[in-house]
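**Student:** Okay, structure incoming, though there's no sequence with it:
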């Protein structure tokens with residue numbers, strides 16, 4: 001009891017320090033700014049209370065007005081971001097930015113939902129359409145005020161000589177390419193390796209789970225039919241908008257293998273952590289729900305934290321700012337969190353085309369015509385361009401080679417009703433019970449998620465969710481012939497994906513790892529075989545198991561924990577390497593690494609050595625030793641989980657002597673790189689000197705130096721790596737942080753005002769705003785800000801109150 005009391009007191013003290021630090025990041029004045037705004041389209045008066053940390057708490061007289069004000073407020077804080085989201089997703093960039101974007105627009109339109117809109121709306125919550133209509137109307141109300149001069153035009157529109165556009169509700173759900181699905185990129189990479197050296201050579205490129213799953217080329221597929229360029233439209237249509245296209249430059253030669261590798265690397269690290277802890281295992285006797293979704297980081301923040309309050313609805317959390325509601329958060333009764341569940345939701349089909357009619361393909365012994373859709377692309381400063389989009393029965397045609405009589409199309413859950421990214425969260429807005437939560441999980445489309453749950457009655461749980469294709473004759477790891485032999489046999493029925501209510505262990509944690517339970521028919525159901533390495537998940541479970549009573553502070557610390565079990569495993573392999581004579585730097589590096597505990601702190605020299613070695617040099621050295629020569633360039637440095645697992649249990653291709661040679665040669669190369677980057681004195685090397693977060697928006701490419709500096713955030717040193725709970729993925733070229741926790745939440749279920757959060761770098765997208773970068777130092781330091789929920793707590797935290805009323 002004494003230990004628990006001391007721990008609780010320490011937690012209160014540290015949490016209070018965090019609040020003080022968070023307050024220090026906000027505006028220094030304690031005076032509340034007040035505004036009165038007339039708003040056309042609003043039905044009744046309401047309020048937008050902005051707290052010290054930039055969170056907007058919306059109070060409305062009806063749920064319709066709440067979603068209207070959410071759209072209005074999203075435009076107030078993030079107009080350029082959400083306008084660009086819409087234009088990029090719908091293929092409308094050329095209209096605003098000119099002919100350099102015609103190809104990206106054409107590619108983006110391949111991935112729109114083109115099915116029945118009634119079926120689409122009916123796939124979500126009963127009020128989903130109304131919420132989208134209200135949200136779009138709110139965005140449009142603010143856009144009208146900007147165009148009328150009542151509100152400022154964000155600086156980015158001036159830089160591009162463009163203007164924001166009006167929205168339709170259907171825009172929100174027709175855009176599919178923002179949702180995270182997989183694994184078509186890996187299918188193509190695997191086909192390239194299989195063509196070069198046989199499919200077995202793929203073992204070091206990508207680890208598979210469950211262990212022992214055998215890679216097999218589907219009958220009828222010649223992997224050499226799949227060119228590296230086959231996904232050009234996919235990469236182009238799903239990429240973020242770059243403004244270097246508006247600058248004069250010479251066109252560089254494309255390296256498609258490098259492009260595909262970059263896309264796969266980004267997809268691999270778009271993960272997350274979440275966990276729920278039962279009341280029997282928490283200090284408060286209430287459930288704890290913790291969540292930190294990992295995505296590509298930058299400015300403005302990918303996610304926006306918002307509170308929505310109206311009769312029959314109290315909701316707070318985070319979502320992408322262009323969507324109504326929140327995708328993770330809590331209402332009065334339940335809290336819910338998300339991580340990616342690595343389900344395979346897409347396939348590449350290879351077709352034989354008709355020699356005389358190349359827009360026809362062989363299907364079940366007959367020639368079937370492609371569907372051709374002709375559309376016009378408006379182009380700024382030029383005449384509209386007509387484009388032709390082709391579709392097979394499986395999906396959009398991504399590539400066609402008439403000389404070889406081959407065409408390639410992608411089937412994806414994107415094109416099914418009810419699969420707009422994160423829009424399935426509309427069913428969680430009013431959920432009150434586990435049954436409500438499970439109903440939402442059954443209907444969830446994309447991205448596929450580990451949904452975690454905690455309620456005010458003390459229940460906690462987990463449910464895997466997502467539209468899951470049924471593949472009876474193949475595993476989805478390689479492209480397949482599109483001749484009718486490889487068809488999806490519908491989708492999983494209810495309860496074919498696993499779930500747990502009130503786990504015996506007292507908690508449930510996920511981190512994108514292979515987490516199908518023992519006894520689940522993984523090989524039969526073929527949910528997926530490509531998962532994130534288990535390092536983060538193992539560390540989270542290790543810490544939670546060791547803690548008899550988990551506090552809110554414990555969960556905050558765990559979200560920012562920088563210990564890597566994967567590093568520990570590799571360091572254990574390193575123990576067999578003898579200390580060399582006559583190589584002082586190598587000997588010193590081994591002295592640092594061998595006793596190292598895998599803690600990747602900013603002041604750690606061992607972390608700097610380990611990451612440079614393991615991520616940049618070790619894989620290349622091992623692949624060169626054991627992989628076929630023809631596949632080495634395609635495999636590159638391999639998948640670190642596959643590399644570590646192989647080194648732990650090498651086969652006959654790698655003797656103990658050879659293994660030590662791989663380890664020392666690659667470590668020597670890493671030390672040479674570090675001497676160039678950090679200087680010859682190893683005592684000055686630290687991970688924080690390499691691993692920094694510095695971001696600028698894409699538009700900064702065309703900004704003047706003063707504005708570019710104003711838009712840029714960082715640099716700040718950050719701990720961790722992709723294998724620690726504090727996930728901080730980086731560019732190997734310069735170690736700059738590219739992905740990690742877009743937001744962090746720890747919810748005290750039932751005592752909601754005790755909950756905390758952090759966004760980064762801030763809630764506002766205006767570089768002149770005090771709320772543009774105010775949260776960035778806290779995020780980098782592992783700090784948090786309060787997340788008030790009750791009206792009293794919100795009013796105590798208020799920094800600005802915007803009273804809104806219907807315009808005459």
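**Tutor:** Received the coordinates, thanks. Quick caveat: nothing in here was measured; it's all calculated off a predicted structure.
**Student:** from the chain's centre, how far out does the longest helix along the chain sit?
**Tutor:** Identified as the longest helix of the chain according to DSSP state H is helix 63-90. Its chain's C-alpha centre and that of helix 63-90 lie 20 Å apart, by CA atoms, centre = their mean, to the nearest Å.
**Student:** cool, stretch 578-586 as well?
**Tutor:** The chain centre lies 42 Å from the centre of stretch 578-586; the measure is CA atoms, centre = their mean.
**Student:** first vs last residue of stretch 626-645, how far apart are they?
**Tutor:** Using CA to CA, to the nearest Å, the span of stretch 626-645 from its first residue to its last is 14 Å.
**Student:** Correction: the previous question concerned stretch 608-625.
**Tutor:** Start-to-end span of stretch 608-625 (CA to CA) is 25 Å.
**Student:** Tell me the buried residues in that stretch?
**Tutor:** Using 16 or more other CB atoms under 10 Å as the test for burial, stretch 608-625 gives 608-623, 625. Heads up, the C-betas are built off the backbone N, CA and C, glycines and all.
**Student:** Mark which of these are part of helices, please.
**Tutor:** Counting by DSSP H, the buried residues of stretch 608-625 place 608, 609, 610, 611, 612, 613, 619, 620, 621, 622, 623, 625 in helices.
**Student:** With pLDDT and distance to residue 300 added, can I get these in a markdown table?
**Tutor:** Converted to a markdown table, those look like this (pLDDT from 0 to 100; distance: CB to CB, whole Å):
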| residue | pLDDT | distance to residue 300 |
| --- | --- | --- |
| 608 | 99 | 30 |
| 609 | 99 | 35 |
| 610 | 99 | 33 |
| 611 | 98 | 28 |
| 612 | 99 | 31 |
| 613 | 98 | 35 |
| 619 | 97 | 34 |
| 620 | 95 | 36 |
| 621 | 97 | 40 |
| 622 | 97 | 40 |
| 623 | 96 | 39 |
| 625 | 95 | 45 |
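**Student:** quick check, nearest of these to residue 294?
**Tutor:** When those are compared for distance to residue 294 (CB to CB), residue 611 comes out closest, at 17.3 Å.
**Student:** sorry, back to before: wait, which of the ones in helices among the buried residues of stretch 608-625 is closest to residue 685?
**Tutor:** residue 608 (5.0 Å).
**Student:** Out of the ones in helices among the buried residues of stretch 608-625, which comes closest to residue 720?
**Tutor:** Nearest to residue 720 among these, with distances taken as CB to CB, is residue 611, at 10.1 Å.
**Student:** what's the closest non-adjacent residue to that closest one?
**Tutor:** What sits nearest to residue 611 in space, not counting adjacent residues and going by CB to CB, 6 or more residues apart in numbering, is residue 721, at 5.8 Å.
**Student:** thinking again about what came up before, name the helices or strands packed onto the longest helix of the chain?
**Tutor:** Under the contact definition 3 or more CB pairs under 8 Å, 6 or more residues apart in numbering; DSSP states H and E, helix 63-90 sits against strand 46-51, strand 56-59, helix 93-97, helix 102-109, helix 128-147, helix 169-174, strand 304-310.
**Student:** Do a quick rundown of the helices in the stretch 501-650 of the chain.
**Tutor:** Per DSSP state H, counting those that start in this stretch, the stretch 501-650 of the chain carries helices over the ranges 522-525, 535-546, 552-559, 565-574, 584-593, 605-613, 619-626, 629-635, 640-648.
**Student:** now the third one against helix 535-546, angle please.
**Tutor:** I take that to be helix 552-559. Helix 552-559 and helix 535-546 are oriented at 150 degrees to each other (axes from the mean of the first three to the mean of the last three CA atoms, to 10 degrees).
**Student:** elements contacting helix 552-559?
**Tutor:** Applying 3+ CB pairs under 8 Å, 6+ apart, one finds that helix 552-559 contacts helix 2-25, strand 272-277, strand 288-296, helix 535-546, strand 743-748.
**Student:** what distance separates it from the middle of the whole chain?
**Tutor:** How far helix 552-559 lies from its chain's middle: 21 Å, per CA atoms, centre = their mean.
**Student:** which stretch among the helices and strands packed on helix 63-90 comes nearest residue 734?
**Tutor:** Smallest distance to residue 734 across these (CB to CB): 26.3 Å, for helix 102-109.
**Student:** Show me what that closest one is in contact with.
**Tutor:** When contacts are defined by CB atoms under 8 Å, 6 or more residues apart in numbering, helix 102-109 is touched by residues 88-94, 177, 233-234, 236-239, 241, 375, 377, 379, 385, 387, 389.
**Student:** buried set for it?
**Tutor:** For helix 102-109, a neighbour-count test (16+ other CB under 10 Å) marks 102, 103, 104, 105, 106, 107, 108, 109 as buried.
**Student:** Distance check, the closest residue to residue 128 other than its chain neighbours against residue 59.
**Tutor:** Closest residue to residue 128 apart from its sequence neighbours, by CB to CB, 6+ apart: residue 426 at 4.2 Å. As judged by CB to CB, to the nearest Å, residue 426 and residue 59 stand 20 Å apart.
**Student:** and if you look at residue 210?
**Tutor:** Counting by CB to CB, the gap from residue 210 to residue 59 is 50 Å.
**Student:** higher neighbour count, the two?
**Tutor:** Under the criterion of other CB atoms under 10 Å, the comparison of residue 210 against residue 59 puts residue 59 first, with 22 against 12.
**Student:** Please look at the more buried one and residue 309 and confirm they touch.
**Tutor:** Yes: using CB atoms under 8 Å, residue 59 is in contact with residue 309, at 4.8 Å.
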